[in-house]
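A.B. asks: Provided below are the primary sequence and the corresponding predicted coordinates.
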Amino acid sequence: MDWKDLEAGEITRRVTSKVQPGSIVLFHNAALHTPEALPTIIETLLQDGYTFVPISQIILTGPYTIDHTGRQCPA
């Protein structure tokens, strides 16, 4: 929701409260407050034990379906 020009604190709160293992977090490069929010988001997630990997390491490449939450599931 960063594209709605939410304040940096609100972006940070939304991301850090909803992220879970396997989450893909998308940010928009033209969002007004995203650059301000990213350092705190990254620091918080690292402190919580999360790691960052390229999308190519976590998306399924074989047959899959996408459930109602947007998660890929092996077919």
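C.D. replies: The structure has been received and is ready for your questions. Numbers count the residues shown, from 1 in each chain.

A.B. asks: now the phi/psi pair for the most centrally placed residue in the chain, please.
C.D. replies: In the chain, the C-alpha closest to the average C-alpha coordinate belongs to Val25, at a distance of 1.3 Å (C-alpha atoms, centre = their mean). Main-chain dihedrals, Val25, degrees, to the nearest 10: phi -110, psi 120.

A.B. asks: wait, it touches Val15, no?
C.D. replies: Yes: checked against C-beta atoms under 8 Å, the pair Val25 and Val15 is within contact range at 5.8 Å. Every C-beta, even on glycine, is put in place using the N, C-alpha and C of the backbone.

A.B. asks: any common contacting residues for the two?
C.D. replies: Counting by C-beta atoms under 8 Å, 6 or more residues apart in numbering, the residues touching both Val25 and Val15 are Ile41.

A.B. asks: rewinding a little: what's the distance between the residue nearest to the centre of the chain and Leu6?
C.D. replies: From Val25 across to Leu6, the span is 14 Å (C-beta to C-beta, to the nearest Å).

A.B. asks: go on, Glu43?
C.D. replies: Glu43 sits 19 Å away from Leu6, going by C-beta to C-beta.

A.B. asks: more crowded one of those two?
C.D. replies: For the pair Glu43 and Leu6, the greater number of neighbours falls to Leu6 (18 against 12), based on other C-beta atoms under 10 Å.
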